[in-house]
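Asks: curious how this folds, go ahead:
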Amino acid sequence: MKIRFLGTAAFEGIPSLFCRCELCAKARAAGGKEIRSRTSVMLDDDLKIDFPPDTFMHMVRDGLDLERIKDLIFTHSHSDHLYAEDMAARLPGYAQSAAHPIDVYANDAVLLRIKQTLDFNGGLQGKFTLNQVKPFEQKELQTAVIVPLPASHDPIETCLLYYIEKDGKSILYGHDSGWFPDETWAWLQDKTLDLAVLECTVGRSNYRKTHMNIDAVLETNQRFEEYGILKPGANIVVTHFSHNAQLSHAELTEIFEPHGIQVAYDGMILELL
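Replies: Prediction:
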């Protein structure tokens, strides 16, 4: 399986719009891995997680054919994970798109925003199907089997993590979230993972309620090992970084590499063999 990290920043991006902080200035000057767009991941070419406002740029930069997407799953409705206006670009009159619908899986808040946006542009018109997911309820997609898990993120929305089984591999897509809720840990105890994707939005800040800091990531890794959740040689990748953490890619790598944790960057491709 091929995992492509399309974007690896939190809401603000790096460098952030209008920002003159030290990290943003360094990122503008350095370019390369220091430039981070809003977070999204593609599994192979047919399963996409989240649809941020940088999706157009991801498509152009990486030469993606978005018409190969069969399933689109969402973690939550925040604007750096859902830009429904660009989903309307698949509708007749905007694009000569394929006949097959893209199956969308998400909570009710995400589905409502998508439906309202597409209704304003003439409705779904056979280009999308909308499917509500709930925590712990398994869904069989065209491309994978998923189980949504509760996240600790926005208290007024059912934000979700995802356990994904695809092509004989098992993945935990673990953000946006602070320290995982107890019921999520309980569900994970008897699972084994080939890959865990975690977030480290707030860096060294003493905070882990709705986002993870460095210590929370390291403690999550430790609990994975204690519970035997990670298969031998399993990958752990961190992503979703904020410029407010003031940590460059090189600094993040220096922190996490000794623990066997890989720091994602925009355009990074990981192969699970």
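Asks: mind listing the helices for the chain?
Replies: Counting by DSSP state H, residue ranges of the helices within the chain are 22-30, 55-62, 84-87, 108-120, 182-188, 214-227, 249-256.
Asks: out of those helices, the one nearest Leu149 is which?
Replies: Comparing those against Leu149 with CB to CB, the closest turns out to be helix 182-188 (4.7 Å). Yep, even glycine has a C-beta here, placed from its N, CA and C like the rest.
Asks: make a markdown table from the helices of the chain and add mean neighbour count and mean pLDDT to it.
Replies: A markdown table is the format used below for the helices of the chain (neighbours: other CB atoms under 10 Å; pLDDT from 0 to 100):
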| stretch | mean neighbour count | mean pLDDT |
| --- | --- | --- |
| helix 22-30 | 16 | 98 |
| helix 55-62 | 15 | 98 |
| helix 84-87 | 18 | 98 |
| helix 108-120 | 17 | 98 |
| helix 182-188 | 15 | 98 |
| helix 214-227 | 16 | 97 |
| helix 249-256 | 17 | 98 |
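Asks: so which of the ones you listed gets nearest Lys139?
Replies: Nearest to Lys139 among the helices of the chain is helix 108-120 (13.6 Å), distances taken as CB to CB.
Asks: thought Asp103 was touching Phe74?
Replies: No: applying CB atoms under 8 Å as the test, Asp103 and Phe74 come out as separate, 11.8 Å apart.
Asks: as a markdown table, the helices of the chain with distance to Ile146 would be great.
Replies: Shown next, in a markdown table, are the helices of the chain (distance: least, CB to CB, whole Å):
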| stretch | distance to Ile146 |
| --- | --- |
| helix 22-30 | 34 |
| helix 55-62 | 20 |
| helix 84-87 | 19 |
| helix 108-120 | 14 |
| helix 182-188 | 13 |
| helix 214-227 | 20 |
| helix 249-256 | 27 |
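Asks: where does the protein have low pLDDT?
Replies: The chain contains no residues with pLDDT under 70.
Asks: contact partners for the residue nearest to the spatial centre of it?
Replies: By CA atoms, centre = their mean, the mean C-alpha position of the chain lies nearest to Ser40, the distance being 4.5 Å. Neighbouring residues of Ser40 by CB atoms under 8 Å, 6 or more residues apart in numbering: 6-7, 48-52, 54-55, 58, 81.
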